[in-house]
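Q: sequence first, then the predicted structure, then my questions.
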Amino acid sequence: MSGISAISSTYTPILLSHQTGLSSTVSTANTYYNIGSSISIPRNGIAKISIIAHIGGSSDTGYLNINLTRNSTQYNSNSNIIGSFTNNTPLILNNIDNGSYDINVLKGDILQFMVTSNLAGDTVYVDDLVVILQ
């Protein structure tokens, strides 16, 4: 054995999306609304997601979720995969284990982020959204 070979360039990390200044007003409490542009996955890999978000009201709770479309079938994590937040100032949302959220994805998948609030009429803000494919 002569050593480790170089990683194939086909698996070099790719910036899939960087969206800023997104917001959505929740018409019906606890109903999810799409936010930002959908993201198409160009190859198999792991989507690493980092988000900064906040909610308009100081006593309200905002929720962020992902809808994944694969082969014309939509799958919703239905568990606030990214999480909930109550800050009315921007907050970095992160997974305690590694600082970002990781989702296994396949070529052709589409990711759509969604938000809701526990209060109708509130606005949920996604200040910064980064998705990198590894």
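A: Happy to help now that I have it.
Q: following the chain onward from the host helix or strand of Thr116, which element is next?
A: Applying DSSP states H and E as the criterion places Thr116 in strand 110-117. Downstream of strand 110-117, the first helix or strand assigned by DSSP H and E is strand 123-133.
Q: for that next one, what is the average pLDDT?
A: Per-residue pLDDT over strand 123-133 has a mean of 95.
Q: one more: stretch 16-25?
A: The average pLDDT within stretch 16-25 is 97.
Q: centre of the chain to it, how far?
A: Its chain's average C-alpha position is 10 Å from that of stretch 16-25, according to Cα atoms, centre = their mean, to the nearest Å.
Q: also stretch 52-59?
A: 16 Å.
Q: what comes up buried for that stretch?
A: Ile52, Ala53, His54, Ile55, Gly56, Gly57 (16 or more other Cβ atoms under 10 Å). Yep, even glycine has a C-beta here, placed from its N, CA and C like the rest.
Q: avg pLDDT for stretch 49-65?
A: For stretch 49-65, mean pLDDT is 87.
Q: could you do stretch 31-46 as well?
A: In the prediction, stretch 31-46 has an average pLDDT of 96.
Q: which outside residues touch that stretch?
A: Identification of contacts with stretch 31-46 by Cβ atoms under 8 Å, 6 or more residues apart in numbering yields 10-11, 14, 16-17, 19, 22-24, 26-27, 47, 63, 65, 67, 76, 102-116, 124, 126, 129, 131, 133-134.
Q: tell me the buried residues within those residues.
A: With neighbours counted by 16+ other Cβ under 10 Å, these contain buried members at 16-17, 19, 22, 24, 26, 47, 63, 65, 67, 103, 105, 109, 111-116, 124, 126, 129, 131, 133.
Q: which stretches of the protein form strands?
A: Here the chain has its strands, by DSSP state E, at 14-25, 33-40, 45-55, 62-70, 73-76, 83-85, 91-93, 101-105, 110-117, 123-133.
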